[in-house]
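> Mind folding the following:
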Amino acid sequence: KGKAYYKKNCRVCHDGKTEGIPALQPSDLIMDQWETFFEEDFEEAHEGVKDPNHDNKPVTDVLTEEELEALAKWTIDHAADSEQPMTCG
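This next block holds a predicted model:
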């Protein structure tokens, strides 16, 4: 589910084409970095970010807790230092 949520909600901005926003995929960080990001940094990093696919609602209002947990699990499970690093291509 995490990969599907990423493609639906995250890739719209983290595609490498959106100015000021880095392209991002699970294999770009190690497991500990992803864990820290989702536990401590996600909300602050997305504060004020609007989702163009959801009537420009704040990203933090669009993603449900279930979706956020699935995204975290997917990125951690496929991080650079995991047994199955993954890109989103």
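
> all strands for the protein, in order.
50-51, 57-58 (DSSP state E).

> ranking these by burial, who's on top?
Among the strands of the chain, strand 50-51 has the highest mean neighbour count (mean count of other CB atoms under 10 Å), at a mean of 17. Where C-beta positions appear, they are placed from N, C-alpha and C, glycine not excepted.

> ok, back up a step: dump the strands of the chain into a markdown table; add distance to residue 34 and mean pLDDT as well.
Formatted as a markdown table, these follow (distance: least, CB to CB, whole Å; pLDDT from 0 to 100):
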| stretch | distance to residue 34 | mean pLDDT |
| --- | --- | --- |
| strand 50-51 | 21 | 88 |
| strand 57-58 | 22 | 93 |
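
> Tell me where this protein is predicted with low confidence.
Per-residue confidence for the chain (pLDDT under 70) gives these ranges: 88-89.

> How much space separates the residue nearest the centre of it from residue 3?
Most central in the chain under CA atoms, centre = their mean is residue 10, positioned 5.3 Å from the mean C-alpha point. Computed with CB to CB, to the nearest Å, the distance linking residue 10 and residue 3 is 10 Å.
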